[in-house]
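>>> sequence unknown, structure follows:
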């Protein structure tokens, strides 16, 4: 029997003010244990019963994605030639949709105070914090659009196959394939997030890339997409599978994955416990850092790796090395380092120049063909974009005299074991799709 009250994952049927049934309101926000909600058995049960889709925010996001896509589908025929006339409308659309969603929750939580259970009730962002977050958030929307344009060009030039709505309706096999991926996308998104998130926590990549996202130890909605552009690149790599590699798929699947990527971080980084898609699991990660790399759906992996923390405060489950702040020393200032500014040192400056040069590098490469050092220009460009950020980060860590292990905080894991497994998965899930997408695009003249 369908429980209509739980459709869409609205706690108590409310967007603001409601909490999940497992939350103990007598305890401070974030201090209710999540142990009973997690585990491989619970995850499999969620998947088999489709509760992960219909009784969660995934249903709401899918409906919103379908509505936007029906109103403004990809104009693939226009993408047969590069022109800002079809790119700019996508940028405006993406910016408007994302700003409306993120702005709605920021207004409801931080302006109108429709929710009251804040994880850190004495901390609030300043105007400087918000300027910082909105800047990097906007770069995330821009990169979303550029990668969409790249994929549209691959479809338009025939480098990657796709099927139309008419094809899907006329062929039951294609219909079943596409429905399967619509339903499976949130599960794949969750798995990819865990892999990518652990990958960017490796010391060198964390130092020059992911540390920017962690400036917000007490995040607000726009913090969700406040990332370094290189982190955006690896985070968004999720959208290129299955769209880049499988045939018989509608372009909507690419949009559905990207919509999920762009929208989901908003409420998951809200800083509050009592609203739609509140995420205590991920808030613990921001507050305590060395824990909870996944989400409740992939929590069993954190449990397996010994990186699971069930709540704020004293934890009975956590086996890592994070030490609680001593009493009286916790700051009431909200992310004081989250302000725009110059790179902190010469090495961060070099890294900034490198990532800022990547877009003109790709554009320049499309104007040239031929080979260099035995590799095509397309391969060299793609390798620079996909692998360059990691290799440069490792080199700069070494040159700067960084004293931590290059594998920190996973230095105790076996290289030919748990660490090696996730390093390989990071390569396959994050770096390789970016390499292929850029290589094929440059070869097609973008």
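It's in. These numbers were taken from a predicted model, which means no experiment stands behind them. Numbers count the residues shown, from 1 in each chain.

>>> where does the stretch 1-150 of the chain have low pLDDT?
Applying pLDDT under 70 to the stretch 1-150 of the chain picks out residues 1-5.

>>> helices of that one, start to end?
40-48, 51-54, 57-71, 84-106, 127-156 (DSSP state H, counting those that start in this stretch).

>>> now the ones you listed as a markdown table including distance to residue 207 and mean neighbour count?
To be clear about C-beta, it is placed using only N, CA and C from the backbone, and glycine gets the same treatment. Converted to a markdown table, the helices of the stretch 1-150 of the chain look like this (distance: least, CB to CB, whole Å; neighbours: other CB atoms under 10 Å):
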| stretch | distance to residue 207 | mean neighbour count |
| --- | --- | --- |
| helix 40-48 | 32 | 14 |
| helix 51-54 | 34 | 18 |
| helix 57-71 | 32 | 16 |
| helix 84-106 | 28 | 16 |
| helix 127-156 | 17 | 20 |
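
>>> tabulate those helices (a markdown table), appending distance to residue 181.
Below are the helices of the stretch 1-150 of the chain laid out as a markdown table (distance: least, CB to CB, whole Å):
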| stretch | distance to residue 181 |
| --- | --- |
| helix 40-48 | 14 |
| helix 51-54 | 12 |
| helix 57-71 | 12 |
| helix 84-106 | 22 |
| helix 127-156 | 15 |
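
>>> closest one to residue 433 among the ones you listed?
helix 127-156 (10.5 Å; CB to CB).

>>> so after that closest one, what's the next helix or strand?
Using DSSP states H and E, the helix or strand that follows helix 127-156 in sequence is helix 165-170.

>>> just the buried positions in stretch 302-316, please.
302-303, 305, 307-312, 315 (16 or more other CB atoms under 10 Å).

>>> now do the end-to-end distance for that stretch.
Distance between the two ends of stretch 302-316: 14 Å, counting by CA to CA, to the nearest Å.

>>> might you report the residue contacts of the residue nearest to residue 78 when sequence neighbours are not counted?
Once flanking residues are discounted, residue 78 sits nearest to residue 86: 4.2 Å by CB to CB, 6 or more residues apart in numbering. By CB atoms under 8 Å, 6 or more residues apart in numbering, residue 86 lies in contact with 75, 78-79, 149, 152.

>>> who are the contact partners of residue 157?
Per CB under 8 Å, 6+ apart, neighbours of residue 157: 80, 444-445.

>>> which among the residues you listed end up buried?
residue 444.

>>> that older thread, ok, now how distant is the residue nearest to residue 78 from residue 51?
As judged by CB to CB, to the nearest Å, residue 86 and residue 51 stand 39 Å apart.

>>> now do residue 146
35 Å.

>>> which helix or strand contains the residue nearest to the spatial centre of the chain?
Against the mean C-alpha coordinate of the chain, by CA atoms, centre = their mean, the closest residue is residue 235 at 4.6 Å. Using DSSP H and E, residue 235 maps to helix 229-236.

>>> by contact count, what packs against the helix or strand following that helix?
Moving toward the C-terminus from helix 229-236, the first helix or strand encountered (DSSP H and E) is helix 240-243. Helix 240-243 is packed against helix 172-199, helix 251-263, helix 432-443, with contacts defined by 3 or more CB pairs under 8 Å, 6 or more residues apart in numbering; DSSP states H and E.

>>> quick one: which of those is nearest residue 368?
Nearest of the helices and strands packed on helix 240-243 (CB to CB): helix 432-443, 9.1 Å.

>>> next, the angle helix 229-236 makes with that closest one.
100 degrees (axes from the mean of the first three to the mean of the last three CA atoms, to 10 degrees).

>>> now the angle from helix 432-443 to helix 172-199?
110 degrees.

>>> now helix 432-443: mean pLDDT?
Averaging pLDDT along helix 432-443 gives 95.

>>> now do that helix: everything it contacts.
147, 150-151, 153-154, 159-160, 233-234, 237, 240-241, 244-245, 362, 365-366, 376-379, 381-383, 385-387.

>>> out of these, which are buried?
147, 150-151, 153-154, 160, 233-234, 237, 240-241, 244, 362, 365-366, 376-379, 381-383, 385-386.

>>> surely residue 215 and residue 338 touch.
Yes. Using CB atoms under 8 Å, residue 215 is in contact with residue 338, at 4.4 Å.

>>> please name the nearest non-neighbouring residue to the residue nearest to the centre of the chain.
residue 196 is the one closest to residue 235 (CB to CB, 6+ apart), at 5.9 Å.

>>> ok, residue 60 next?
Nearest non-adjacent residue to residue 60 (CB to CB, 6+ apart): residue 8, at 4.6 Å.

>>> re the thing from before, which one of the contacts of residue 86 sits closest to residue 210?
Nearest member of the contacts of residue 86 to residue 210, counting by CB to CB, is residue 149, at 25.7 Å.
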